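have a look at this fold, sequence not included:
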(Lines give C-alpha, C1' and ligand atoms only; values in the text may rest on other atoms or scores of the structure.)
Protein backbone atom coordinates (compact mmCIF):
# COMPACT_ATOMS: atom_id res chain seq x y z
CA UNK A 1 0.00 0.00 0.00
CA UNK A 2 1.32 3.44 -0.99
CA UNK A 3 0.79 6.05 1.76
CA UNK A 4 1.62 9.76 1.57
CA UNK A 5 1.95 11.39 4.99
CA UNK A 6 1.59 15.17 5.06
CA UNK A 7 2.67 17.03 8.18
CA UNK A 8 4.18 20.29 9.41
CA UNK A 9 6.84 18.65 11.57
CA UNK A 10 8.63 15.36 12.17
CA UNK A 11 11.36 14.36 14.60
CA UNK A 12 14.35 14.82 14.44
CA UNK A 13 14.21 17.41 11.66
CA UNK A 14 11.66 19.73 13.26
CA UNK A 15 9.72 19.16 16.47
CA UNK A 16 7.63 21.39 18.72
CA UNK A 17 5.69 18.62 20.49
CA UNK A 18 4.22 15.15 20.28
CA UNK A 19 3.11 15.64 16.66
CA UNK A 20 6.76 15.51 15.60
CA UNK A 21 7.32 12.24 17.46
CA UNK A 22 4.25 10.60 15.93
CA UNK A 23 5.24 11.63 12.40
CA UNK A 24 8.53 9.87 12.89
CA UNK A 25 7.25 6.72 14.55
CA UNK A 26 3.96 5.89 12.80
CA UNK A 27 5.30 6.02 9.22
CA UNK A 28 8.23 3.84 10.30
CA UNK A 29 5.89 1.33 11.93
CA UNK A 30 3.82 1.16 8.74
CA UNK A 31 6.97 0.84 6.64
CA UNK A 32 8.02 -2.08 8.84
CA UNK A 33 4.67 -3.72 8.05
CA UNK A 34 5.36 -3.43 4.32
CA UNK A 35 3.78 -0.10 3.37
CA UNK A 36 5.42 2.08 0.71
CA UNK A 37 5.66 5.44 2.50
CA UNK A 38 6.51 9.04 1.63
CA UNK A 39 6.47 11.96 4.06
CA UNK A 40 5.97 15.53 2.82
CA UNK A 41 7.28 18.39 5.00
CA UNK A 42 7.63 22.16 4.55
CA UNK A 43 11.16 23.34 3.71
CA UNK A 44 11.90 25.31 6.86
CA UNK A 45 15.37 26.85 7.03
CA UNK A 46 16.44 24.66 9.95
CA UNK A 47 15.10 21.53 8.25
CA UNK A 48 16.91 22.15 4.95
CA UNK A 49 20.15 22.78 6.83
CA UNK A 50 20.05 19.17 8.09
CA UNK A 51 19.65 17.61 4.66
CA UNK A 52 22.08 16.79 1.90
CA UNK A 53 22.04 14.89 -1.41
CA UNK A 54 18.67 16.29 -2.39
CA UNK A 55 17.28 15.88 -5.86
CA UNK A 56 14.64 18.02 -7.52
CA UNK A 57 11.46 16.11 -8.28
CA UNK A 58 9.96 19.07 -10.08
CA UNK A 59 8.47 22.54 -9.88
CA UNK A 60 4.92 23.43 -8.91
CA UNK A 61 2.87 26.60 -9.11
CA UNK A 62 -0.24 27.09 -6.99
CA UNK A 63 -2.43 29.96 -5.84
CA UNK A 64 -1.25 32.02 -2.91
CA UNK A 65 -2.63 35.06 -1.15
CA UNK A 66 -1.13 37.52 -3.64
CA UNK A 67 -1.05 35.56 -6.87
CA UNK A 68 0.75 32.41 -8.01
CA UNK A 69 3.40 30.86 -5.78
CA UNK A 70 6.21 28.85 -7.36
CA UNK A 71 8.15 26.22 -5.45
CA UNK A 72 10.35 23.18 -5.86
CA UNK A 73 9.61 19.71 -4.56
CA UNK A 74 12.74 17.98 -3.33
CA UNK A 75 13.38 14.36 -2.45
CA UNK A 76 16.03 13.34 0.05
CA UNK A 77 17.13 10.48 2.22
CA UNK A 78 17.91 11.05 5.89
CA UNK A 79 19.85 8.57 8.06
CA UNK A 80 17.00 8.55 10.57
CA UNK A 81 14.42 7.56 7.96
CA UNK A 82 13.90 4.26 6.17
CA UNK A 83 11.92 5.82 3.31
CA UNK A 84 12.19 8.94 1.09
CA UNK A 85 11.30 12.38 2.40
CA UNK A 86 9.66 14.98 0.19
CA UNK A 87 10.22 18.64 1.01
CA UNK A 88 8.37 21.69 -0.32
CA UNK A 89 11.10 24.25 -0.95
CA UNK A 90 9.39 27.66 -1.01
CA UNK A 91 11.76 30.25 0.51
CA UNK A 92 9.23 33.11 0.66
CA UNK A 93 6.97 31.07 2.94
CA UNK A 94 9.32 28.82 4.90
CA UNK A 95 12.89 30.15 4.80
CA UNK A 96 12.86 31.99 8.11
CA UNK A 97 14.45 31.45 11.51
CA UNK A 98 12.96 29.90 14.59
CA UNK A 99 9.69 28.16 15.28
CA UNK A 100 7.61 26.78 12.39
CA UNK A 101 4.44 28.54 13.52
CA UNK A 102 5.36 31.59 15.61
CA UNK A 103 7.95 34.37 15.55
CA UNK A 104 10.51 35.23 18.21
CA UNK A 105 7.88 37.15 20.19
CA UNK A 106 5.62 34.09 20.31
CA UNK A 107 3.06 35.53 17.88
CA UNK A 108 1.72 33.53 14.94
CA UNK A 109 3.50 34.25 11.67
CA UNK A 110 1.09 36.69 9.97
CA UNK A 111 1.10 34.67 6.73
CA UNK A 112 0.34 31.27 8.31
CA UNK A 113 -2.91 31.03 6.33
CA UNK A 114 -1.02 31.32 3.06
CA UNK A 115 1.89 29.15 4.17
CA UNK A 116 -0.22 26.14 5.01
CA UNK A 117 -2.82 26.65 2.28
CA UNK A 118 -0.01 26.56 -0.28
CA UNK A 119 1.52 23.52 1.44
CA UNK A 120 -1.85 21.74 1.33
CA UNK A 121 -2.44 22.64 -2.33
CA UNK A 122 0.93 21.16 -3.27
CA UNK A 123 0.24 18.04 -1.19
CA UNK A 124 -3.03 17.53 -3.07
CA UNK A 125 -1.21 17.87 -6.39
CA UNK A 126 1.44 15.34 -5.37
CA UNK A 127 -1.30 12.98 -4.24
CA UNK A 128 -2.49 12.98 -7.86
CA UNK A 129 1.04 12.49 -9.21
CA UNK A 130 1.09 15.94 -10.79
CA UNK A 131 4.86 15.64 -11.33
CA UNK A 132 4.51 12.32 -13.23
CA UNK A 133 6.74 10.48 -10.79
CA UNK A 134 4.98 7.17 -11.29
CA UNK A 135 4.14 7.03 -7.59
CA UNK A 136 0.52 7.69 -6.67
CA UNK A 137 -0.65 7.03 -3.11
CA UNK A 138 -3.71 4.98 -2.28
CA UNK A 139 -4.01 6.91 0.99
CA UNK A 140 -3.12 10.47 1.96
CA UNK A 141 -2.77 10.85 5.72
CA UNK A 142 -2.86 14.51 6.83
CA UNK A 143 -2.15 15.69 10.36
CA UNK A 144 -3.51 18.61 12.40
CA UNK A 145 -4.76 21.98 11.22
CA UNK A 146 -1.71 22.81 9.11
CA UNK A 147 -2.77 20.09 6.64
CA UNK A 148 -6.54 20.25 7.13
CA UNK A 149 -7.12 21.65 3.65
CA UNK A 150 -5.50 18.65 1.92
CA UNK A 151 -8.64 16.50 2.12
CA UNK A 152 -10.76 19.48 1.01
CA UNK A 153 -8.65 20.06 -2.12
CA UNK A 154 -8.91 16.36 -2.99
CA UNK A 155 -12.58 15.85 -2.10
CA UNK A 156 -14.10 16.43 -5.54
CA UNK A 157 -11.23 15.07 -7.63
CA UNK A 158 -11.90 11.97 -9.74
CA UNK A 159 -9.92 8.79 -9.01
CA UNK A 160 -8.46 10.39 -5.92
CA UNK A 161 -6.77 8.54 -3.06
CA UNK A 162 -8.54 7.90 0.22
CA UNK A 163 -8.00 10.72 2.75
CA UNK A 164 -7.40 10.29 6.48
CA UNK A 165 -7.11 13.27 8.82
CA UNK A 166 -5.70 12.94 12.34
CA UNK A 167 -6.51 15.43 15.10
CA UNK A 168 -3.52 15.48 17.44
CA UNK A 169 -4.92 18.34 19.52
CA UNK A 170 -8.32 19.92 18.87
CA UNK A 171 -7.31 23.02 20.87
CA UNK A 172 -5.34 24.25 17.86
CA UNK A 173 -7.90 24.83 15.14
CA UNK A 174 -6.06 26.83 12.51
CA UNK A 175 -8.52 29.74 12.60
CA UNK A 176 -8.28 32.50 10.00
CA UNK A 177 -10.42 35.36 8.73
CA UNK A 178 -12.90 35.58 5.87
CA UNK A 179 -10.48 38.05 4.29
CA UNK A 180 -7.81 35.31 4.29
CA UNK A 181 -10.32 32.94 2.70
CA UNK A 182 -10.96 35.42 -0.09
CA UNK A 183 -7.28 36.30 -0.61
CA UNK A 184 -6.39 32.62 -0.90
CA UNK A 185 -9.11 32.16 -3.54
CA UNK A 186 -10.44 29.10 -1.79
CA UNK A 187 -13.50 27.53 -3.44
CA UNK A 188 -16.64 29.52 -2.62
CA UNK A 189 -18.77 26.38 -1.92
CA UNK A 190 -16.55 25.73 1.09
CA UNK A 191 -17.87 28.88 2.74
CA UNK A 192 -20.82 27.46 4.67
CA UNK A 193 -21.52 26.05 8.13
CA UNK A 194 -21.31 22.60 6.50
CA UNK A 195 -17.92 23.53 5.05
CA UNK A 196 -15.00 25.41 6.57
CA UNK A 197 -16.85 28.47 7.90
CA UNK A 198 -16.56 28.87 11.66
CA UNK A 199 -18.03 31.86 13.54
CA UNK A 200 -17.42 34.29 10.69
CA UNK A 201 -13.94 33.03 9.89
CA UNK A 202 -12.72 29.65 8.76
CA UNK A 203 -10.94 26.71 10.35
CA UNK A 204 -8.40 24.55 8.55
CA UNK A 205 -8.90 21.85 11.16
CA UNK A 206 -12.65 21.88 10.50
CA UNK A 207 -11.89 21.36 6.82
CA UNK A 208 -10.08 18.14 7.67
CA UNK A 209 -13.01 16.90 9.74
CA UNK A 210 -15.59 17.77 7.07
CA UNK A 211 -13.84 16.58 3.93
CA UNK A 212 -11.64 13.62 4.96
CA UNK A 213 -12.95 10.11 4.37
CA UNK A 214 -11.89 9.10 7.87
CA UNK A 215 -10.99 11.16 10.92
CA UNK A 216 -8.83 9.80 13.70
CA UNK A 217 -7.59 11.08 16.98
CA UNK A 218 -4.89 9.78 19.22
CA UNK A 219 -6.69 7.87 21.96
CA UNK A 220 -10.11 6.24 22.41
CA UNK A 221 -11.01 8.39 25.43
CA UNK A 222 -10.10 11.63 23.62
CA UNK A 223 -12.26 10.57 20.65
CA UNK A 224 -15.23 10.45 23.03
CA UNK A 225 -14.25 13.63 24.91
CA UNK A 226 -14.06 15.87 21.83
CA UNK A 227 -17.69 15.06 21.05
CA UNK A 228 -18.69 16.92 24.24
CA UNK A 229 -19.01 20.69 24.79
CA UNK A 230 -16.33 20.56 27.51
CA UNK A 231 -13.60 19.38 25.14
CA UNK A 232 -15.05 20.14 21.69
CA UNK A 233 -14.00 23.80 21.23
CA UNK A 234 -17.24 24.51 19.42
CA UNK A 235 -16.73 21.59 17.03
CA UNK A 236 -18.42 18.96 19.21
CA UNK A 237 -21.68 19.11 17.25
CA UNK A 238 -19.83 18.60 13.98
CA UNK A 239 -17.85 15.72 15.47
CA UNK A 240 -20.99 14.05 16.82
CA UNK A 241 -22.48 14.26 13.34
CA UNK A 242 -19.32 12.61 11.94
CA UNK A 243 -18.97 9.88 14.57
CA UNK A 244 -19.47 7.26 11.86
CA UNK A 245 -16.00 8.15 10.53
CA UNK A 246 -14.29 9.16 13.81
CA UNK A 247 -11.82 6.66 15.27
CA UNK A 248 -9.71 6.81 18.42
CA UNK A 249 -6.41 4.99 17.90
CA UNK A 250 -3.93 5.19 20.76
CA UNK A 251 -0.51 6.55 19.82
CA UNK A 252 2.48 4.39 20.47
CA UNK A 253 6.05 5.29 21.37
CA UNK A 254 9.25 4.50 19.56
CA UNK A 255 10.71 1.77 21.76
CA UNK A 256 14.04 1.91 19.96
CA UNK A 257 14.52 5.54 21.04
CA UNK A 258 12.77 5.31 24.42
CA UNK A 259 14.31 2.25 26.03
CA UNK A 260 16.16 2.45 29.36
CA UNK A 261 18.12 -0.69 28.47
CA UNK A 262 19.74 0.95 25.41
CA UNK A 263 19.25 4.73 25.78
CA UNK A 264 22.49 6.46 24.80
CA UNK A 265 21.47 9.63 26.69
CA UNK A 266 21.68 7.83 30.05
CA UNK A 267 24.78 7.36 32.23
CA UNK A 268 23.59 3.83 33.08
CA UNK A 269 21.15 1.35 31.56
CA UNK A 270 18.54 -0.76 33.30
CA UNK A 271 15.50 -2.96 32.65
CA UNK A 272 12.37 -4.17 34.43
CA UNK A 273 14.20 -7.24 35.69
CA UNK A 274 16.99 -5.14 37.18
CA UNK A 275 15.91 -1.57 37.88
CA UNK A 276 18.68 -0.74 40.32
CA UNK A 277 21.53 0.18 40.41
CA UNK A 278 21.04 1.66 36.93
CA UNK A 279 18.14 3.92 37.82
CA UNK A 280 19.92 5.04 41.00
CA UNK A 281 22.97 6.05 38.95
CA UNK A 282 20.69 8.00 36.59
CA UNK A 283 19.20 9.85 39.56
CA UNK A 284 22.64 10.67 40.93
CA UNK A 285 23.81 12.00 37.56
CA UNK A 286 20.63 14.05 37.10
CA UNK A 287 20.99 15.66 40.53
CA UNK A 288 24.68 16.23 39.85
CA UNK A 289 23.79 18.26 36.80
CA UNK A 290 22.10 20.85 39.04
CA UNK A 291 23.65 20.50 42.51
CA UNK A 292 27.25 21.18 43.57
CA UNK A 293 27.17 18.08 45.78
CA UNK A 294 24.86 15.06 45.80
CA UNK A 295 24.68 13.70 49.33
CA UNK A 296 22.71 10.82 50.85
CA UNK A 297 19.82 13.11 51.79
CA UNK A 298 19.44 14.20 48.17
CA UNK A 299 19.51 10.61 46.94
CA UNK A 300 16.98 9.39 49.50
CA UNK A 301 14.50 12.24 48.95
CA UNK A 302 11.87 11.55 46.28
CA UNK A 303 12.60 13.36 43.01
CA UNK A 304 9.57 14.47 40.97
CA UNK A 305 10.13 15.20 37.27
CA UNK A 306 8.19 17.22 34.71
CA UNK A 307 8.90 17.61 30.99
CA UNK A 308 6.54 19.59 28.80
CA UNK A 309 5.02 22.82 27.61
CA UNK A 310 4.47 25.34 30.40
CA UNK A 311 0.87 26.18 29.52
CA UNK A 312 -2.49 25.96 31.25
CA UNK A 313 -3.50 22.83 29.32
CA UNK A 314 -0.67 20.97 31.04
CA UNK A 315 -1.91 21.93 34.51
CA UNK A 316 1.20 24.01 35.20
CA UNK A 317 -0.82 26.44 37.32
CA UNK A 318 -1.85 23.50 39.53
CA UNK A 319 1.80 22.45 39.78
CA UNK A 320 2.87 25.97 40.76
CA UNK A 321 0.17 26.11 43.45
CA UNK A 322 1.09 22.65 44.79
CA UNK A 323 4.87 23.03 44.88
CA UNK A 324 5.12 25.45 47.83
CA UNK A 325 2.84 23.17 49.85
CA UNK A 326 4.95 20.11 49.05
CA UNK A 327 8.21 21.98 49.68
CA UNK A 328 6.90 22.93 53.13
CA UNK A 329 5.46 19.59 54.23
CA UNK A 330 7.71 17.00 52.50
CA UNK A 331 11.32 16.46 51.51
CA UNK A 332 10.43 16.06 47.81
CA UNK A 333 12.61 17.67 45.17
CA UNK A 334 11.60 18.78 41.68
CA UNK A 335 13.35 18.77 38.32
CA UNK A 336 11.54 20.44 35.42
CA UNK A 337 12.33 21.23 31.79
CA UNK A 338 10.02 23.07 29.41
CA UNK A 339 8.98 26.38 27.95
CA UNK A 340 5.73 28.21 27.41
CA UNK A 341 3.93 31.14 29.00
CA UNK A 342 6.40 33.68 30.33
CA UNK A 343 4.57 34.05 33.66
CA UNK A 344 4.88 30.32 34.36
CA UNK A 345 8.55 30.31 33.36
CA UNK A 346 9.27 33.22 35.71
CA UNK A 347 7.43 31.63 38.65
CA UNK A 348 9.36 28.39 38.25
CA UNK A 349 12.67 30.24 38.03
CA UNK A 350 11.74 32.18 41.17
CA UNK A 351 11.02 28.93 43.03
CA UNK A 352 14.37 27.58 41.86
CA UNK A 353 16.11 30.69 43.21
CA UNK A 354 14.30 30.38 46.53
CA UNK A 355 14.99 26.63 46.85
CA UNK A 356 18.20 25.99 44.86
CA UNK A 357 18.79 22.57 46.43
CA UNK A 358 15.22 21.35 45.86
CA UNK A 359 13.85 22.95 42.67
CA UNK A 360 15.86 22.50 39.48
CA UNK A 361 14.54 24.21 36.35
CA UNK A 362 15.68 24.39 32.72
CA UNK A 363 13.68 26.68 30.44
CA UNK A 364 13.64 25.48 26.85
CA UNK A 365 13.65 22.01 25.36
CA UNK A 366 16.57 19.64 25.74
CA UNK A 367 16.08 16.15 24.28
CA UNK A 368 18.91 14.43 26.22
CA UNK A 369 17.74 16.07 29.45
CA UNK A 370 14.18 14.87 28.78
CA UNK A 371 15.48 11.29 28.62
CA UNK A 372 17.58 11.83 31.75
CA UNK A 373 14.58 13.14 33.71
CA UNK A 374 12.45 10.17 32.65
CA UNK A 375 15.18 7.86 33.95
CA UNK A 376 16.51 9.81 36.92
CA UNK A 377 13.27 11.03 38.51
CA UNK A 378 11.41 8.77 40.93
CA UNK A 379 7.97 9.85 39.73
CA UNK A 380 6.69 11.95 36.85
CA UNK A 381 4.17 14.79 37.09
CA UNK A 382 1.73 15.15 34.16
CA UNK A 383 -1.53 16.70 35.45
CA UNK A 384 -2.89 17.88 32.08
CA UNK A 385 -6.40 19.33 32.08
CA UNK A 386 -6.85 17.53 28.76
CA UNK A 387 -4.41 15.33 26.89
CA UNK A 388 -5.35 13.86 23.51
CA UNK A 389 -2.89 11.03 24.00
CA UNK A 390 0.29 12.10 25.72
CA UNK A 391 3.62 10.40 25.23
CA UNK A 392 5.56 11.33 28.36
CA UNK A 393 3.41 9.19 30.62
CA UNK A 394 4.22 6.21 28.38
CA UNK A 395 7.92 7.08 28.45
CA UNK A 396 7.68 7.32 32.24
CA UNK A 397 6.05 3.91 32.56
CA UNK A 398 8.73 2.38 30.36
CA UNK A 399 11.48 4.02 32.45
CA UNK A 400 10.11 2.86 35.80
CA UNK A 401 9.04 6.37 36.80
CA UNK A 402 5.39 6.09 37.90
CA UNK A 403 3.35 8.99 36.46
CA UNK A 404 0.93 11.19 38.40
CA UNK A 405 -1.87 12.18 36.00
CA UNK A 406 -5.34 13.64 35.72
CA UNK A 407 -7.94 11.19 34.40
CA UNK A 408 -8.39 12.48 30.87
CA UNK A 409 -7.76 11.46 27.26
CA UNK A 410 -4.79 9.19 26.67
CA UNK A 411 -3.71 9.54 30.29
CA UNK A 412 -6.88 7.71 31.33
CA UNK A 413 -6.22 5.06 28.68
CA UNK A 414 -2.64 4.31 29.73
CA UNK A 415 -2.21 4.77 33.50
CA UNK A 416 -3.86 2.48 36.08
CA UNK A 417 -4.30 4.10 39.49
CA UNK A 418 -2.48 2.65 42.48
CA UNK A 419 -5.63 1.90 44.47
CA UNK A 420 -5.33 -0.72 47.19
CA UNK A 421 -7.12 -3.25 44.98
CA UNK A 422 -4.88 -2.51 41.98
CA UNK A 423 -1.76 -2.70 44.13
CA UNK A 424 -2.97 -6.03 45.45
CA UNK A 425 -3.59 -7.59 42.04
CA UNK A 426 -0.51 -6.02 40.39
CA UNK A 427 -2.36 -3.92 37.81
CA UNK A 428 -1.40 -0.50 39.25
CA UNK A 429 1.07 1.55 37.23
CA UNK A 430 0.74 5.14 38.53
CA UNK A 431 -1.40 7.68 40.35
CA UNK A 432 -4.60 9.08 38.85
CA UNK A 433 -6.82 11.87 40.20
CA UNK A 434 -10.22 12.63 38.72
CA UNK A 435 -11.15 16.04 40.17
CA UNK A 436 -9.59 18.93 38.21
CA UNK A 437 -8.11 21.01 41.02
CA UNK A 438 -4.99 21.54 43.14
CA UNK A 439 -6.35 19.67 46.16
CA UNK A 440 -6.83 16.48 44.12
CA UNK A 441 -3.36 16.83 42.61
CA UNK A 442 -1.86 17.24 46.07
CA UNK A 443 -3.69 14.15 47.28
CA UNK A 444 -2.30 12.11 44.36
CA UNK A 445 1.26 13.33 45.01
CA UNK A 446 0.94 12.54 48.71
CA UNK A 447 -0.24 9.00 47.86
CA UNK A 448 2.77 8.62 45.58
CA UNK A 449 5.17 9.89 48.23
CA UNK A 450 3.69 7.52 50.82
CA UNK A 451 4.07 4.50 48.54
CA UNK A 452 7.63 5.55 47.67
CA UNK A 453 8.48 4.91 51.33
CA UNK A 454 7.42 1.27 50.90
CA UNK A 455 10.24 0.01 48.65
CA UNK A 456 8.87 -3.46 47.89
CA UNK A 457 5.50 -2.15 46.74
CA UNK A 458 7.15 0.71 44.87
CA UNK A 459 9.34 -1.76 42.96
CA UNK A 460 6.30 -3.81 41.96
CA UNK A 461 4.60 -0.62 40.75
CA UNK A 462 7.67 0.30 38.69
CA UNK A 463 7.92 -3.15 37.16
CA UNK A 464 4.21 -3.27 36.30
CA UNK A 465 4.60 -0.03 34.36
CA UNK A 466 7.79 -1.16 32.63
CA UNK A 467 6.07 -4.31 31.39
CA UNK A 468 3.34 -2.38 29.58
CA UNK A 469 3.61 -2.51 25.80
CA UNK A 470 3.21 0.80 23.99
CA UNK A 471 5.16 0.19 20.79
CA UNK A 472 3.61 1.27 17.49
CA UNK A 473 3.01 -2.15 15.93
CA UNK A 474 -0.53 -2.60 17.28
CA UNK A 475 -1.58 0.97 16.47
CA UNK A 476 -0.04 0.73 13.00
CA UNK A 477 -2.13 -2.39 12.41
CA UNK A 478 -5.26 -0.41 13.31
CA UNK A 479 -4.29 2.29 10.80
CA UNK A 480 -3.67 -0.26 8.03
CA UNK A 481 -7.11 -1.74 8.69
CA UNK A 482 -8.66 1.74 8.52
CA UNK A 483 -6.85 2.56 5.27
CA UNK A 484 -8.28 -0.61 3.74
CA UNK A 485 -11.94 0.05 4.55
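Looks like it arrived, so ask away. As the structure is a prediction and not an experimental result, all values here were calculated from the model. Numbers count the residues shown, from 1 in each chain.

residue 348 is in contact with residue 339, isn't it?
No. Counting by C-beta atoms under 8 Å, residue 348 does not reach residue 339; the two are 10.3 Å apart. (Glycine included, C-beta is placed from N, CA and C.)

pull up the overlap in contacts between these two.
Common contacts of residue 348 and residue 339 (C-beta atoms under 8 Å, 6 or more residues apart in numbering): 310, 363.

what about the two, which has more around it?
Neighbours per residue (other C-beta atoms under 10 Å) separate residue 348 from residue 339, with residue 348 holding more: 24 against 16.

check contacts around that one.
Contacts for residue 348 (C-beta under 8 Å, 6+ apart) come out as 310, 320, 336, 359, 361, 363.

list the buried ones in stretch 9-16?
Neighbour-count burial for stretch 9-16, with 16 or more other C-beta atoms under 10 Å as criterion, is recorded at 9-11, 13-15.

could you export those as CSV, including secondary structure?
Converted to CSV, these look like this (DSSP: H, G, I helix; E, B strand; the rest coil):
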residue, secondary structure
9, coil
10, strand
11, coil
13, coil
14, strand
15, coil
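
nearest to residue 50 among those?
Distance to residue 50, by C-beta to C-beta, is smallest for residue 13 among those, at 5.7 Å.

any idea how far the closest one lies from residue 263?
21 Å (C-beta to C-beta, to the nearest Å).

and residue 180, by the same measure?
Distance of residue 180 to residue 263, given as C-beta to C-beta: 44 Å.

could you do residue 12 as well?
Between residue 12 and residue 263 the computed distance is 15 Å (C-beta to C-beta).

same question for residue 43.
On the measure of C-beta to C-beta, residue 43 and residue 263 end up 31 Å apart.

check residue 288 too.
According to C-beta to C-beta, residue 288 stands 18 Å off from residue 263.

higher neighbour count, these two?
The neighbour count for residue 288 versus residue 263, taken as other C-beta under 10 Å, is higher for residue 263 (22 against 14).

any idea whether that one is helix, strand or coil?
Assignment for residue 263 (three-state DSSP): coil.

isn't it right up against residue 375?
Yes. If you go by C-beta under 8 Å, residue 263 and residue 375 touch, sitting 7.0 Å apart.

so residue 115 belongs to a helix, correct?
Yes. Assessed with three-state DSSP, residue 115 lies in a helix.

tell me the contacts of it?
Neighbouring residues of residue 115 by C-beta under 8 Å, 6+ apart: 42, 93-94, 109.

ditto for residue 223
216-217, 246-248.

and residue 101, by the same measure?
By C-beta under 8 Å, 6+ apart, the contact set of residue 101 is 8, 16, 108-109, 112, 146.

filter those residues to the buried ones?
8, 109, 112, 146.

nearest spatial neighbour of the first one, chain-adjacent residues omitted?
What it means is residue 8. Excluding the flanking residues, the one nearest residue 8 by C-beta to C-beta, 6 or more residues apart in numbering is residue 146, at 3.9 Å.

so how far is residue 426 from the one you found?
Relative to residue 426, residue 146 is positioned 43 Å away (C-beta to C-beta).

considering the contacts of residue 115, which is situated nearest to residue 185?
Of all the contacts of residue 115, residue 185 sits closest to residue 93, with 16.2 Å by C-beta to C-beta.

what's the local residue count around the closest one?
24.

for it, which three-state class applies?
helix.

is it correct that it is in contact with residue 118?
Yes. Residue 93 is within contact range of residue 118, at 6.1 Å (criterion: C-beta under 8 Å).

give me the common contacts of those two.
Taking C-beta under 8 Å, 6+ apart as the contact rule, residue 93 and residue 118 both touch 69, 71.

for stretch 77-92, measure first residue to last.
Taking C-alpha to C-alpha, to the nearest Å, stretch 77-92 runs 24 Å from one end to the other.

my bad, stretch 100-115
10 Å.
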